[in-house]
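Asker: fold the following, please.
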Amino acid sequence: MIRIQQIKVPLRHTKNDIERKIRKLLRVKKEQPVTFRIWKQSIDARRGHEAAYVYTVDVELDLDSSKEKQLVERVHNKNIMLTKEQTYRFPKSGTDRLRHRPVIAGSGPAGLFCAYLLASHGYEPIVIERGKMAKQRLGDVETFWETGVLDTSSNVQFGEGGAGTFSDGKLNTLVKDPVGRNRFVLETFVQHGADESILYVNKPHIGTDQLIDVVANLRNHIIRLGGSFYFETCLTDLALRDQKLHSITVTSKGCRQEIPTDLLVLAVGHSARDTFQMLADRKIPMQPKAFAVGMRVEHPQKMIDAHQYHHTDSRELPPASYKVTGSFQDQRGVYSFCMCPGGYVVNASSEAGGLAVNGMSYHKRDGRNANSAIIVSVTLDDFSGDGNDPLCGIRFQRELEQRAYQLGNGRIPQQLYGDYKIGRISESYGEFASCTKGAAAFADLGELLPESLKQALIHGMERFDGYIPGFGRYDAILSGIESRTSSPIRIPRGEDYRSIADGIYPCGEGAGYAGGIMSAAMDGIKVAEAIGKRYAIR
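Answerer: Numbering: from 1, shown residues only. From the prediction side, this is the model:
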């Protein structure tokens, strides 16, 4: 197979235009059959250049490998090379015997992909999920946004698909991937209903509206392969003997039930605070870890498009995204997180009396505003006290969320950035209004963060205004509090992915090993591989 990089075509183009470029670069005659697959698509919108799409493609010709090599040597172009298709492979099964079916707690991306791999190879996993199926969950979330009545077990954080279901379905990751797990995740999403473009666009996303169907399709496939799902079923206890798992206790609709199992994958997500408390009570080792908190900030999407595309007519281009980052004298980092083009600020609360926000986009990303979290790094020195309590970060998050709830009286507390700097409660929006899911109210967000974090956030906003003019405009809209950026704990595990308690496999974002849909899914795959290497197929 031949890979060609840097194929540039106009914004308005067809596949035939790409094929003509391929034939010209390879000096292939018209009668020679050519098939190609897009490997990567990006946009070149640099200042002084006419905006264009840039492709990397894999080309198949009706030639044997030796003639392909001769062709590549003949054209002598640094952007043309031979490549081999990378295929993900699950490891050979081990020999240890499982007395009972493996249980996976949590049906977010880590739990789903762990279950998908185990079910695909005959291990018949049981998946327990405290929330509801995705479509039922959608109804509960929309009711909450409309009425403010929160279901603490079925919300933006809890339910099939995990917290990422109500975000943007972003699928980019910085995790290195030498064995093809990343591609496997993307291909699996496409096989279950995601748009094929996620296989090649530079920053792929599915969108909340499509992701709901995709995770339901994944669940149904796992069931066809021998897996089982139990919704509205919460992990509430563990039975350990000599540091080995013997059973778990779950609670479903007020009824407790013991499930015998010698293998539990803890893929519970970063908001399962009661589960973390139970693990602490059962002496499962956990460590507090650094994370970040801040505010959602909204700008007109047209402003972001104009800057990122250098005032090119953006009607032929997707809504633009951005990434900004900086650090200051105290070494505290400030950066954008979970940027949502054409998106909404959403009430992402999961506890009564607390309020957290997140960002969300639909597949088309056609909302009026761009939003992202502008977050400030916090270390153990900011919240750990004596450092002996693994749940101290959770307490810090909860205090911020309770303060946000009080400031907005249960609504999303908001403030114009200019008013935030001078400590004045805003009375109205400026040149543009907020796009939220859930009611909002003006408040003094200066009362939310400790002063050092507040000042770091302001320094960041001012610096980012130098990167994107207008970023620090007076009427940029802040919403608080963005507190669930990553897990405040880590559950230690060994090279075999097990906790100190034999049979317990910490997994995904909640356990402290991932930071988004893709990295969580890939961690679920790694845990499934570790289980497969140790245990024989049931």
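Asker: any idea how far residue 442 lies from residue 480?
Answerer: 12 Å (Cβ to Cβ, to the nearest Å). C-beta coordinates here come from the backbone N, C-alpha and C atoms, glycine included.
Asker: who's more crowded, the two?
Answerer: For residue 442 and residue 480, the more surrounded residue by other Cβ atoms under 10 Å is residue 480, and the numbers stand at 28 against 19.
Asker: where do the contact lists of residue 442 and residue 480 overlap?
Answerer: Here residue 442 and residue 480 have 413-414 as joint contacts, going by Cβ atoms under 8 Å, 6 or more residues apart in numbering.
Asker: and residue 476, how far is that from residue 37?
Answerer: Distance from residue 476 to residue 37, by Cβ to Cβ: 42 Å.
Asker: below-threshold pLDDT in the stretch 351-500 of the chain: ranges please.
Answerer: For the stretch 351-500 of the chain, the stretches flagged by pLDDT under 70 are 386-387.
Asker: mind listing the strands for it?
Answerer: 357-360, 369-378, 412-416, 436-437, 440-442, 477-482, 489-490 (DSSP state E, counting those that start in this stretch).
Asker: quick check: closest non-adjacent residue to residue 232.
Answerer: residue 252 (5.7 Å; Cβ to Cβ, 6 or more residues apart in numbering).
Asker: neighbour count for residue 476 and residue 37, which is higher?
Answerer: The neighbour count for residue 476 versus residue 37, taken as other Cβ under 10 Å, is higher for residue 476 (23 against 12).
Asker: isn't that one right up against residue 297?
Answerer: Yes. Residue 476 lies in contact with residue 297 (Cβ atoms under 8 Å); the separation is 5.5 Å.
Asker: what is in contact with these two at once?
Answerer: 417, 461.
Asker: now the helices for the stretch 251-400 of the chain?
Answerer: Under the criterion DSSP state H, counting those that start in this stretch, the stretch 251-400 of the chain contains helices at 273-281, 301-308, 380-383, 392-408.
Asker: quick one: work out the angle between the longest one and strand 412-416.
Answerer: Relative orientation of helix 392-408 and strand 412-416, computed by axes from the mean of the first three to the mean of the last three Cα atoms, to 10 degrees: 70 degrees.
Asker: what's helix 392-408 in contact with?
Answerer: Outside helix 392-408, the residues that touch it by Cβ under 8 Å, 6+ apart are 273, 276, 288-289, 291, 293, 349, 351, 353-356, 378, 380, 382-385, 389, 413-414, 440-441, 443-445, 447-449, 480-481, 483-484, 488-489.
Asker: quick one: the closest residue to residue 419 other than its chain neighbours from residue 441, how far?
Answerer: Spatial nearest neighbour of residue 419, chain neighbours left out: residue 426 (4.6 Å); criterion: Cβ to Cβ, 6+ apart. Going from residue 426 to residue 441 by Cβ to Cβ gives 10 Å.
Asker: what about those two, which has more around it?
Answerer: Legend: neighbour count by other Cβ under 10 Å for residue 426 and residue 441, higher for residue 426 (21 against 13).
Asker: you'd agree that one is up against residue 417?
Answerer: No. Look at residue 426 against residue 417 with Cβ under 8 Å: they stay out of range, at 9.5 Å.
Asker: so what's the residue count around the residue nearest to residue 232?
Answerer: Residue 252, neighbours per other Cβ under 10 Å, totals 15.
Asker: what confidence value was assigned to it?
Answerer: For residue 252, the pLDDT comes out at 96.
Asker: dig out what it forms beta bridges with.
Answerer: Residue 252 forms beta bridges with residue 233, residue 255, as assigned by DSSP bridges.
Asker: got the contact list for it?
Answerer: For residue 252, the contact set (Cβ under 8 Å, 6+ apart) comprises 230, 232-234.
Asker: mind listing what residue 166 touches?
Answerer: So residue 166 contacts 141, 156, 208, 346, 348, 358, 360 (Cβ under 8 Å, 6+ apart).
Asker: of those residues, grab the buried ones for PyMOL.
Answerer: In PyMOL syntax, the buried subset of these is picked out as below (16 or more other Cβ atoms under 10 Å):
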select buried, resi 141+156+208+346+348+358+360
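Asker: can I get the contacts of residue 166 in a markdown table including distance to residue 182?
Answerer: Below are the contacts of residue 166 laid out as a markdown table (distance: Cβ to Cβ, whole Å):
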| residue | distance to residue 182 |
| --- | --- |
| 141 | 29 |
| 156 | 26 |
| 208 | 22 |
| 346 | 27 |
| 348 | 26 |
| 358 | 24 |
| 360 | 23 |
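Asker: lowest pLDDT pick from the contacts of residue 166?
Answerer: Within those, residue 208 has the lowest pLDDT, namely 88.
Asker: wait, that residue touches residue 165, no?
Answerer: Yes. Between residue 208 and residue 165 there is a contact under Cβ under 8 Å: 6.5 Å.
Asker: quick one: residue 215 from residue 521, how far?
Answerer: 11 Å.
Asker: my bad, residue 351
Answerer: According to Cβ to Cβ, residue 351 stands 26 Å off from residue 521.
Asker: what of residue 59?
Answerer: For residue 59 relative to residue 521 (Cβ to Cβ), the value is 29 Å.
Asker: now do the buried residues in stretch 215-222.
Answerer: 215-219, 221-222.
Asker: and stretch 362-380, by the same measure?
Answerer: 362-363, 365, 367, 369-378.
Asker: on that earlier part again, mind putting the buried residues of stretch 215-222 in CSV, secondary structure and distance to residue 269 included?
Answerer: Output for those, formatted as CSV (DSSP: H, G, I helix; E, B strand; the rest coil; distance: Cβ to Cβ, whole Å):
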residue, secondary structure, distance to residue 269
215, helix, 14
216, helix, 18
217, helix, 21
218, helix, 17
219, helix, 16
221, helix, 22
222, helix, 18
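Asker: ok, of the residues you listed, which one's closest to residue 313?
Answerer: The closest of those to residue 313 turns out to be residue 215 (Cβ to Cβ; 36.4 Å).
Asker: who are the contact partners of the most centrally placed residue in the chain?
Answerer: Centroid check for the chain by Cα atoms, centre = their mean gives residue 516 as the closest residue, at 2.7 Å. Listed by Cβ under 8 Å, 6+ apart, the contact set of residue 516 reads 164, 170, 172-173, 509.
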